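In: here is my input, please return the structure:
(chains A and B)
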Number of protein chains: 2
Amino acid sequence: MAELIEPRLLKGFRDFLPRDERERQRIEQTLGRTFAAFGFEPIDTPILEYTEILLGKGGGETDKQIYRFDDQGGRDVAMRYDLTVPFARFMALHLHDLPLPFKRFHIAKVFRGENTQRGRYREFVQCDFDIVGSDSASADFEIVLLMDRSFRAIGVDEVRIHLSHRGVFNSLLAGLGVADRGEQVLRAVDKLRKIGEAEVRAQLEEITGTAVTDTIMAYVTRGPDNESTLESMRKLAPDAERDLGRLGEVLQAARTVGISDRIVLDPSITRGLDYYTGIVFETFLTALPEIGSVCSGGRYDNLASLYTKERLPGVGTSIGLDRLMAGLEELSVADTQTGGADAIVLCSDGTLMGRYHAIADELRTAGLRIDVFPECRKLGPQYTFAEKKGVPVAVIVEGAGDTVTVRELQSRTNTGGLTVGDAAAVIQSLTAGRAL
Amino acid sequence: MAELIEPRLLKGFRDFLPRDERERQRIEQTLGRTFAAFGFEPIDTPILEYTEILLGKGGGETDKQIYRFDDQGGRDVAMRYDLTVPFARFMALHLHDLPLPFKRFHIAKVFRGENTQRGRYREFVQCDFDIVGSDSASADFEIVLLMDRSFRAIGVDEVRIHLSHRGVFNSLLAGLGVADRGEQVLRAVDKLRKIGEAEVRAQLEEITGTAVTDTIMAYVTRGPDNESTLESMRKLAPDAERDLGRLGEVLQAARTVGISDRIVLDPSITRGLDYYTGIVFETFLTALPEIGSVCSGGRYDNLASLYTKERLPGVGTSIGLDRLMAGLEELSVADTQTGGADAIVLCSDGTLMGRYHAIADELRTAGLRIDVFPECRKLGPQYTFAEKKGVPVAVIVEGAGDTVTVRELQSRTNTGGLTVGDAAAVIQSLTAGRAL
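Out: Have a look, this model is predicted:
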């Protein structure tokens, strides 16, 4: 016999066993339905693209992390490391087939050769949704509303969407005469939640001096409510009237729709990248602030400038599904206890095999999920098997197969002499409330 | 301004625009629900694995087609080219966490650097379902039943599942004294549908001589019904009693469950690979036989022999989703005409922005999918936009936003003065029967 190959996985890559994969599909499908309820449309793009497309101007971390190689035809190709760059390429390529504004969502795997020491995965799922082709308060607000509705749909009520506006921050920095050090300042402020106020203040003083730092720290400090925070921003950045007006419109719409208790105007939100130009947001689970933002994004001026001259302003956000799923499990919102099938038809007489499947098939027409044990064994081991799989009910066929016994496995309660139709009703009552 | 990068795709790779992506998701989710109704459980595995794992013994076509490279850590890695090999590795790795028999499904992308001239894609979706850990007629039949139910669930009633048994064929060849040329014979017979009887006969004569060829050709020729075909197989391969018995059990179960009119016992089905050891099947759309089998598979003796000493017999099959989707579109079973949203709230007064979203949100609670146009424009262009997107109904907010007009776009019929609750009822009646 040949030597065995060790069945191992690459570092940073995972298998999903049924329990977790079922939960991932539940979340993805719930999110998809929620996006569709807002008129957002699904797209997909290839996992492999020309490296030139994916790296664009290139630079920094991405270059080092991207999975890149020459394919059989000698093309320089790479695996996508996010869904934003492929979306930009997609919009440039299909601009004339898509009515604008275009609302899209995309839930798919991306790949980064990251340091796994930090608990990061090298293959993970992103969930992006964007509105492109419009620069309006309505589009900004719709993304915020959809973030809120998405979390509610998957069973998380206690989220806070923190938002601010990059234009107001830029105006503040221009007024302070430190616009040239804007990116450094943004990066420092962006770390507020991680490294704390004292450390950020120290970094800012190094970049801008003490006086400017005082003003910046005053700016990023929230008031007791959104209105007073907006008022304070207005005082410190009086030239940003238009951008402050936009923020005001979004906050007003949140009040009208009744979600303002979950919206936090938070000037410390900057999103490090210079990609963002307007509203920016991050989302925190109230019960688990320590896992960081589970949904972040903002408004950008021009999505696809690398690939087309057509200007495409937009606003969008991205849910990190793996971090969210870990959070849900910690909050016990995840549904990972429920086995797949509602009941299993047991096998005790090989000559009745066709009848077992006919009974299962009839039970399925009542909307039940019915497993069939594929081999004839004693009932005991078949009960044990069902319990291991998390199937709550067994169906034991009686005599020649005209009637059945339904057994609730946990309580070991049998109900016998049932027609298949009656058995369906009994199983339905025993399994009511199980997740689909 | 920097030079633009051409927004192109790699040959053999595709974008999915909303129309096609929506249909793909509809099919994948319908299949997933059908599999779950049979107690099959979803799993997922990484797209990237050690090349050693994926190529196993290696050999032939696969080696040339696989996307293989050294990652940042110098590991020899490759993108999966099917879902069977990763499943074998998965079973070897998680054997002790999974109660056997294990029924799993896996719908996911695979990658092959194939010749695109033949209309093949290099990134495509496979849909596999298997029962491992059991060698029983019940497992064989359940896969057949699930194939039938899967096609019905996605709206294709007219399929024929052709099945046979590799053990019977092997027994025939042994009886004829040509077991040593088995693989060549199987490969020739496997081409019957493509190259026709005369050409196969010529090839067989070269391999086995005229007398043996006559017997083989008699064997692979179907009788007028399954019973007479089985009888003819029994005469030609009298030593295969056990395997013929298994085939008989599967055919008997098909009669009991009432699907025998869609099952064709077809001894010409051999599946080229020596991987298969028992029942084998291929599936054809009655209206489109020319696209070939849309779902093929069979029984194997030992799934994971490369990675574990544990013997894992199983039976399973694979649906080629891209070929199937092309078939569905040709048969007009595909639903690609329906736009995403049921209605769109139009925008004519920026100060009412929050109200527009509140109305949309209320309509959504009635189960409707509601888009909101994000910018204020004249109504004409907003109607045109809705029609381009395939949204059938527009909602025009009246006055300060307490009442609305519902407009059916195709007939240009307006119903005015409606409360939001009444509008929901009107939109529901106008959009009844649209796909979800």
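
In: so which elements touch the helix ranked longest in chain A?
Out: Assignment by DSSP state H gives helix A:18-37 as the longest helix of chain A. Packing partners of helix A:18-37 (3 or more CB pairs under 8 Å, 6 or more residues apart in numbering or on different chains; DSSP states H and E): strand A:41-42, strand A:102-111, strand A:123-132, helix A:137-153, helix A:321-330, helix B:18-37, strand B:41-42. No exception for glycine: its C-beta is placed from N, CA and C like everyone else's.

In: so what's the closest residue to residue A:280 other than its chain neighbours up against?
Out: Computed as CB to CB, 6 or more residues apart in numbering or on different chains, the closest residue to residue A:280 that is not its neighbour in sequence is residue A:298, at 3.5 Å. Neighbour list for residue A:298: A:166, A:271, A:276, A:278, A:279, A:280, A:281, A:315, A:316, A:317 [criterion: CB atoms under 8 Å, 6 or more residues apart in numbering or on different chains].

In: and residue A:400, that's in a strand?
Out: No - counting by DSSP: H, G, I helix; E, B strand; the rest coil, residue A:400 is not found in a strand; it is coil.

In: surely it is in contact with residue A:352?
Out: Yes - proximity of residue A:400 to residue A:352 meets the contact threshold set by CB atoms under 8 Å, at 7.4 Å.

In: and the lowest-mean-pLDDT helix or strand in chain A, what's buried?
Out: Lowest mean confidence among the helices and strands of chain A (mean pLDDT, DSSP states H and E): helix A:61-65, at a mean of 83. The neighbour-count check on helix A:61-65 (16 or more other CB atoms under 10 Å in any protein chain shown) flags A:62, A:65 as buried.

In: any bit of it sitting next to chain B?
Out: Yes - judged by CB under 8 Å from any CB of the partner chain, helix A:61-65 and chain B are in contact via A:64, A:65.

In: could you look up the next helix or strand downstream of that helix?
Out: Next helix or strand after helix A:61-65 toward the C-terminus (DSSP states H and E): strand A:68-70.

In: and the contacts of that following strand?
Out: A:51, A:76, A:77, A:78, A:79, B:67, B:69, B:70.

In: mind doing that once more with 10 Å?
Out: Strand A:68-70 is contacted from outside by A:48, A:51, A:54-55, A:75-79, A:81, A:113, B:67-72, B:77, B:79, using CB atoms under 10 Å, 6 or more residues apart in numbering or on different chains.

In: follow-up on the earlier one: and the helix or strand where the residue nearest to residue A:280 lies, average pLDDT?
Out: Using DSSP H and E, the element containing residue A:298 is strand A:295-300. Mean per-residue pLDDT for strand A:295-300: 95.

In: tilt between it and strand A:123-132?
Out: 40 degrees (axes from the mean of the first three to the mean of the last three CA atoms, to 10 degrees).

In: and the stretch 201-350 of chain A, which of its residues are near chain B?
Out: A:249-259, A:304-309, A:315, A:339-345, A:347, A:350 (CB under 10 Å from any CB of the partner chain).

In: ok so, going back, residue A:400 and residue A:352: which has the busier surroundings?
Out: residue A:352 (20 against 10; other CB atoms under 10 Å in any protein chain shown).

In: got a list of what the more buried one touches?
Out: A:358, A:359, A:376, A:397, A:399, A:400, A:401, B:138, B:253, B:256.

In: ok, residue A:405 next?
Out: Shown in contact with residue A:405 (CB under 10 Å, 6+ apart): A:346, A:394-398, A:414-418, A:423, A:426.

In: same check on residue A:362?
Out: A:368, A:370, A:419, A:420, A:421, A:423, A:424, B:257.

In: same question, residue A:415
Out: Counted by CB under 10 Å, 6+ apart, residue A:415 has contacts A:404, A:405, A:406, A:407, A:408, A:422, A:423, A:426, A:427, A:430.

In: tell me the buried residues in the one helix or strand the first one maps to?
Out: Element membership of residue A:404 [criterion: DSSP H and E] is strand A:403-408. Under the neighbour-count criterion of 16+ other CB under 10 Å, strand A:403-408 has A:404, A:405, A:406, A:407, A:408 buried.

In: turn those residues into JSON lines, columns for distance to residue A:35.
Out: Formatted as JSON lines, the buried residues of strand A:403-408 follow (distance: CB to CB, whole Å):
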{"residue": "A:404", "distance to residue A:35": "42"}
{"residue": "A:405", "distance to residue A:35": "45"}
{"residue": "A:406", "distance to residue A:35": "40"}
{"residue": "A:407", "distance to residue A:35": "42"}
{"residue": "A:408", "distance to residue A:35": "39"}
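
In: okay if I get the residues you listed as TSV plus pLDDT?
Out: TSV is the format used below for the buried residues of strand A:403-408 (pLDDT from 0 to 100):
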residue	pLDDT
A:404	97
A:405	97
A:406	98
A:407	97
A:408	96
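
In: closest one to residue B:240 out of the residues you listed, please.
Out: residue A:404 (35.3 Å; CB to CB).

In: what bridges to the closest one?
Out: residue A:397, residue A:418 (DSSP bridges).

In: test my guess that it contacts residue A:393.
Out: No - at 11.1 Å, residue A:404 and residue A:393 do not qualify as touching, with contact defined as CB atoms under 10 Å.

In: who touches both of those two?
Out: Going by CB under 10 Å, 6+ apart, residues that sit against residue A:404 and also against residue A:393 are A:423, A:426.

In: OK, contacts around the spatially closest residue to residue A:326 that is not a sequence neighbour?
Out: Closest residue in space to residue A:326, ignoring its immediate chain neighbours: residue A:291 at 7.1 Å, by CB to CB, 6+ apart. Taking CB under 10 Å, 6+ apart, we find residue A:291 in contact with A:284, A:285, A:320, A:323, A:324, A:326, A:327, A:330.

In: for residue A:291, give its distance to residue A:81.
Out: Distance, residue A:291 to residue A:81, by CB to CB, to the nearest Å: 22 Å.

In: okay, now the unreliable bits of chain A?
Out: Applying pLDDT under 70 to chain A flags residues A:1-2, A:57-59, A:273, A:334-339, A:435-436.

In: hmm, back to that, show me which of the contacts of strand A:68-70 are buried.
Out: Applying 16+ other CB under 10 Å to these flags A:48, A:51, A:54-55, A:77-79, A:81, A:113, B:67-69, B:71, B:77, B:79 as buried.

In: closest one of those to residue B:21?
Out: residue A:48 (17.8 Å).

In: show me the beta-bridge partners of that closest one.
Out: residue A:79.

In: correct me if wrong: it contacts residue A:80.
Out: Yes - if you go by CB under 10 Å, residue A:48 and residue A:80 touch, sitting 7.8 Å apart.

In: overlap of the contact sets of these two?
Out: With CB under 10 Å, 6+ apart, residue A:48 and residue A:80 have common neighbours A:54, A:67.

In: the least confident helix or strand of chain A - contacts with which helices or strands?
Out: helix A:51-55 (3 or more CB pairs under 10 Å, 6 or more residues apart in numbering or on different chains; DSSP states H and E).

In: surely residue A:297 is in contact with residue A:129?
Out: Yes - assessed by CB under 10 Å, residue A:297 is found in contact with residue A:129 at 8.6 Å.

In: OK, contacts around residue A:260?
Out: By CB under 10 Å, 6+ apart, the neighbours of residue A:260 are A:225, A:226, A:251, A:252, A:253, A:254.

In: the third one touches residue A:230, doesn't it?
Out: Yes - in this structure, residue A:251 is within contact of residue A:230 by CB under 10 Å, at 6.9 Å.

In: out of these two, which sits in the busier spot?
Out: Remark: of residue A:251 and residue A:230, residue A:251 carries more neighbours, 20 against 17, as counted by other CB under 10 Å.

In: am I right that that one is in a helix?
Out: Yes - the assignment for residue A:251 is a helix, going by three-state DSSP.

In: quick check: closest non-adjacent residue to it.
Out: Going by CB to CB, 6+ apart, residue A:251 has residue A:226 as its nearest residue, at 5.7 Å.
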